[in-house]
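K.L.:
model this:
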Amino acid sequence: MLRALIVDDEELARRGLEIRLEDYADVEICGQARNGREALIAVREQMPDLMFLDVQMPGMDGFEVLRRLSGSNMPEVIFVTAYDEFALKAFDANALDYLLKPINDDRLREAIERARKHTGEMAAEEHRNRLLKFVCELTGRELTLESALEAATGEHQAYPRRIAIRDGAETQCVDVEAIDWIDAAGDYMCVHSAGDTFVLRGTMKHLEDVLDPDIFVRVHRSAIVNCHRVTAMRPHRNGEYFLQLGDATELKLSRKYKSNLERLANHI
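P.N.:
Numbers count the residues shown, from 1 in each chain. Next comes the predicted model:
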């Protein structure tokens, strides 16, 4: 059974897709969202396997939703869009599924069939990597970690105080201590800071080496957290823990990094 979330700011579009999905016995609609913020909450609470994501929404668009989702709760994504030919070529080039409005029943069937096959942790990680690469290409937000550090400091520092982040055509500097947490998929990292999310190209190991260990703690193979942002911890099965951040984000501390638990507890 695939648990599906429908995200679209148009009620008729949501209802139309809901009706079409009634033909699929193994697809269960676990929720609907009218905008990006509702989508983030629904993903966290419902943990869907599949998300039908409208790209063009007012406020937080579909791309921003993808940047703000952590790797641990990233569902399979099928874009629903009225985009132009250039964008559709970008979808195809990155092997990402999309449904062009108005939705074609045959295309819907093909997309769901592919979603059924893309299960498992490795497939999910590969999917998120392709999603971030696609978002960077389409929005111009990619910047390598080396370039980000060089642009912000002008010289090498043991623990940089700022990181340069590209936002479309502009590059701005973000205070390192303002970063809440970072998660990664493949060669890309999402830097979450004060409600914004930026994408950097680089490895978690490299970033961990240059961040101040008194502030930033590795909690997962694909996550680093600012220990000052952790407000609560609760044990999970198999010796893992869930970390609650002040903005209601929840991250998992895996058993591999359980030795860092005391460092986090000292700041709560």
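
K.L.:
list the contacts for residue 178?
P.N.:
Residue 178 is in contact with 193, 194, counting by C-beta atoms under 8 Å, 6 or more residues apart in numbering. In short, each C-beta sits where N, CA and C put it, glycine included.

K.L.:
quick one: pLDDT of it?
P.N.:
On the pLDDT scale, residue 178 is placed at 91.

K.L.:
repeat for the one 3 residues further on
P.N.:
The model reports residue 181 with a pLDDT of 91.

K.L.:
Check which helices and strands the helix or strand containing it is in contact with.
P.N.:
Using DSSP states H and E, residue 181 falls within strand 179-185. Applying 3 or more C-beta pairs under 8 Å, 6 or more residues apart in numbering; DSSP states H and E, we find strand 179-185 packed against helix 121-139, strand 188-193, helix 204-210, strand 223-226.

K.L.:
please redo it, this time with the cut-off set to 7 Å
P.N.:
Counting contacts by 3 or more C-beta pairs under 7 Å, 6 or more residues apart in numbering; DSSP states H and E, strand 179-185 packs against helix 121-139, strand 188-193, strand 223-226.

K.L.:
contact partners of that strand?
P.N.:
Applying C-beta atoms under 7 Å, 6 or more residues apart in numbering, the contact partners of strand 179-185 are 70-71, 125, 128-129, 132, 189-193, 204, 207, 222-226, 229, 245, 247, 249, 251.

K.L.:
These, buried ones only, as a PyMOL selection?
P.N.:
Command for PyMOL, covering only those of those found buried under the criterion 16 or more other C-beta atoms under 10 Å:
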select buried, resi 70+71+125+128+129+132+189+190+191+192+193+204+207+222+223+224+225+226+229+245+249+251
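
K.L.:
Tell me which of the helices and strands packed on strand 179-185 lies nearest to residue 1.
P.N.:
helix 121-139 (16.9 Å; C-beta to C-beta).

K.L.:
Quick one: mean pLDDT for the closest one?
P.N.:
Here the average pLDDT along helix 121-139 is 71.

K.L.:
Could you shift the numbering so residue one becomes 24, and keep it that way?
P.N.:
Shifting the count to begin at 24 puts that one at helix 144-162.

K.L.:
Residue 124 contacts residue 102, doesn't it?
P.N.:
No: between residue 124 and residue 102 there is no contact under C-beta atoms under 7 Å: 10.5 Å.

K.L.:
where does the chain dip in pLDDT?
P.N.:
Flagging of the chain using pLDDT under 70 yields the residue ranges 93-95, 107, 109-110, 113, 116, 142-148, 160-166, 174-180, 190-192, 270.

K.L.:
got a list of what the most centrally placed residue in the chain touches?
P.N.:
The C-alpha lying nearest the average C-alpha coordinate of the chain belongs to residue 92 (C-alpha atoms, centre = their mean; 2.8 Å). The contact partners of residue 92, by C-beta under 7 Å, 6+ apart, come to 63, 66.

K.L.:
can you give me the helices in the stretch 74-223 of the chain?
P.N.:
85-91, 108-116, 128-140, 144-162, 168-176 (DSSP state H, counting those that start in this stretch).

K.L.:
can these go into CSV with extra columns for distance to residue 220?
P.N.:
Below are the helices of the stretch 74-223 of the chain laid out as CSV (distance: least, C-beta to C-beta, whole Å):
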stretch, distance to residue 220
helix 85-91, 4
helix 108-116, 20
helix 128-140, 24
helix 144-162, 10
helix 168-176, 15
